[in-house]
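1. what's the 3D shape of this:
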Amino acid sequence: MLEWFLLFLQIMLINIVLSGDNAVVIALASKNLPLEQRKKAVWWGAVGAIGLRLILTIAAVGLLQVPYIKAAGSLLLLYIAVKLLIDDEGEAKVKEASSLGKAIWTIILADFVMSLDNVLAIAAAAQNNITVIILGIGLSIPIIIWGSNLVMRLLHQYPVLVFLGAGILGYTAGEMFMKDEIALHYMHGEMIHWLLPIGLALFVIAFGIVNKRLKKG
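-> Numbers count the residues shown, from 1 in each chain. The predicted structure is shown next:
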């Protein structure tokens, strides 16, 4: 039960940390609509985004069962973790929609384009547990949407959350690689199976800290 709960929290944190820009998209897409239509755009856009992301994530879980895909995916996930700590703040370039239908479509489409990293990270972390995927995505997206301003403020005010999320991605990348046929064939011993994920998590966090200090210097 504890393992299931920790996995759920891991997916929630990954989804929230990687979805900061999505919150901006939602705010911009519905900005020009009347209040009542704005609420509907957020609601239906959220429903569409959740459904699409669930489908993509479950498909990714199946794809990751293909030999050698996990090894490639782990490298991509490691890149995503590092990129998360390198990227400077930037404004999301999204057109403000003039109608309810356009706003809903903009939210769904933007979420699809911006969520491919989330899909890979969650599929890797979920360990084939579809129930955890559904709960993790289903609960974190509404938090991001309705608390978009709060989420953005928290991520900027407490950078440790971003570092923690990036570290989890690094750890997940290591775990994913160790489950691939390449690792199973060439890497033996219990120690390497837990050293690599922890090592990648520490590498990502250390990289982020050094990068931040260099920017300040």
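
2. roughly how far apart are the residue nearest the centre of the chain and residue 57?
-> Nearest residue to the geometric centre of the chain (C-alpha atoms, centre = their mean): residue 118, 3.0 Å. Applying C-beta to C-beta, to the nearest Å, the value for residue 118 to residue 57 is 8 Å. No exception for glycine: its C-beta is placed from N, CA and C like everyone else's.

3. mean confidence score for the longest helix seen in the chain?
-> Counting by DSSP state H, the longest helix found in the chain is helix 35-63. For helix 35-63, mean pLDDT is 79.

4. buried stuff in the next helix or strand after it?
-> The C-terminal neighbour of helix 35-63 among helices and strands, as given by DSSP states H and E, is helix 69-86. Judged by neighbour count (16 or more other C-beta atoms under 10 Å), helix 69-86 contains these buried residues: 70, 71, 73, 74, 76, 77, 78, 80, 81, 82, 84, 85.

5. and the residue lying closest to residue 85 once chain neighbours are set aside, what helix or strand is that in?
-> Leaving aside its sequence neighbours, residue 85 sits nearest to residue 208 (C-beta to C-beta, 6 or more residues apart in numbering; 3.4 Å). Assigned by DSSP H and E, residue 208 falls within helix 190-216.

6. Distance from that helix to the middle of the chain?
-> Helix 190-216 has its C-alpha centroid displaced from the chain centroid by 18 Å (C-alpha atoms, centre = their mean, to the nearest Å).

7. and what of stretch 182-196?
-> Taking the mean of its C-alpha atoms, stretch 182-196 sits 26 Å from the chain's own mean (C-alpha atoms, centre = their mean).
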